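>>> Provide a 3D model corresponding to the input given below.
(one chain, ligands or ions: 1)
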Amino acid sequence: MNAPIDVSAVTLRTERLTLRPWRETDLQDLYEYARVDGVGQMAGWTPHRDIGESREILDMFIREKKTFALEYEGKAVGSLGIEMYNEKLYPELDALRGREIGYVLSKDYWGRGLMPEAVRAAIGYLFDDVKLDFILVGHFDWNRQSARVIEKCGFRYIRTVPFETTFGKTENSVDSILYCPGR
Ligand SMILES: CC(C)(COP(=O)(O)OP(=O)(O)OC[C@H]1O[C@@H](n2cnc3c(N)ncnc32)[C@H](O)[C@@H]1OP(=O)(O)O)[C@@H](O)C(=O)NCCC(=O)NCCS
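Residues are numbered from 1 along each chain as shown. Okay, the predicted model is just below:
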C-alpha cells in the first residue's frame, strides 16, 4: 500500500547535494532545466513551453509536499519525487508500506553520479525515518541512463508494465524494487 509522505520540513544532506523542499524562489532554476529538449521526455513529460508552466509545476511541488529539490552549489538542478505507485499492478505488496520514486536532473549535470547520490539519500530517509518496507522505481525500456542509476542503487527487476506519458504515448516501464534490509 502507499504510505503517507510529507517532505515539507525535511532536509537531507549528501557529500555534494542538499535534498530539500521546493521554494517559490526556485522558479527560474526549474524553468532553466525543464525547458531543455530531451530531458522531461525521458521521464514521461514534455519540456516546459514557458515559465508559466514551470510556475504551475512548482506550485504543485509545494502543495503536494512529496517532491525534493536537488540543490547543488546553491542552485536547484533537479527533483526527486516520492510518488504514489499503482497498487492495482502490485497486489502482492498490499500488506507492505511503500512508494515509487521518480527523478530528473538538469542536462548540464549529467554523468557526475549526482542522481545515484540523491537516490541513496532518499533510500536512507524512506527506510530509516518513514519506515517504508519497499521502494519501487521504473524507467522506460530505452532509458539506459536511468537504468544505470537504478542498478547502482541496488534495485532488482520486478516487472515490465505499461505507462502512459503526459503526451499520450504508452511506454514500457521497466520496474524495479528495493526492500528495506532485514525484511
Ligand atoms: C537519469 C538521470 C537522472 C541520471 O542522472 P546522473 O546523475 O547523470 O547519473 P549518473 O551520473 O550515474 O549517470 C548514469 C548513466 O548515464 C550515462 N551518461 C552519463 N553522462 C551522460 C551524458 N552526458 N549523456 C548521455 N548519457 C550520459 C552513463 O551511461 C551513466 O552510466 P555509467 O555511470 O555506467 O557510465 C539523468 O540522465 C536524467 O535526468 N535524465 C532525464 C530524466 C530521466 O531519465 N529521469 C528518470 C526517469 S525514469
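>>> show me the contacts for the nearest residue to residue 140 once chain neighbours are set aside.
Distances taken as Cβ to Cβ, 6 or more residues apart in numbering put residue 171 closest to residue 140, at 4.6 Å, once the chain neighbours are dropped. From N, CA and C alone the C-beta is placed, and that goes for glycine too. Counting by Cβ atoms under 8 Å, 6 or more residues apart in numbering, residue 171 touches 44, 140-141, 162-165.
>>> Just the element for residue 171, please.
According to DSSP states H and E, residue 171 maps onto strand 170-179.
>>> In three-state terms, label the residue of the chain found nearest the ligand for me.
Nearest to the ligand, among the residues of the chain, is residue 111, at 2.5 Å (Cβ to the nearest ligand atom). At residue 111 the chain is in coil, as set by DSSP: H, G, I helix; E, B strand; the rest coil.
>>> helices or strands next to the helix or strand of the chain with the lowest mean pLDDT in the packing?
The weakest-scoring helix or strand in the chain, judged by mean pLDDT, DSSP states H and E, is strand 156-164 (a mean of 94). If contacts are counted by 3 or more Cβ pairs under 8 Å, 6 or more residues apart in numbering; DSSP states H and E, strand 156-164 sits against strand 134-140, strand 170-179.
>>> If we use 7 Å, what do you get?
strand 170-179 (3 or more Cβ pairs under 7 Å, 6 or more residues apart in numbering; DSSP states H and E).
>>> Pull up the pairing partners for the strand it packs on, direction included.
Applying DSSP bridges, strand 170-179 is found paired with strand 134-140 (antiparallel), strand 156-164 (antiparallel).
>>> For the ones you listed, give me JSON lines that also has mean neighbour count and distance to residue 54.
Compiled in JSON lines, those are given as follows (neighbours: other Cβ atoms under 10 Å; distance: least, Cβ to Cβ, whole Å):
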{"stretch": "strand 134-140", "mean neighbour count": "23", "distance to residue 54": "23"}
{"stretch": "strand 156-164", "mean neighbour count": "13", "distance to residue 54": "22"}
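>>> distance between the helix or strand residue 19 falls within and the chain's centre?
Here residue 19 sits within strand 18-21, counting by DSSP H and E. Strand 18-21 has its C-alpha centroid displaced from the chain centroid by 13 Å (Cα atoms, centre = their mean, to the nearest Å).
>>> next one: stretch 144-156
The answer for stretch 144-156 is 13 Å, by Cα atoms, centre = their mean.
>>> do it and the ligand meet at all?
Yes: interface with the ligand: stretch 144-156 contributes 144-146, 148-149 (Cβ under 6 Å from any ligand atom).
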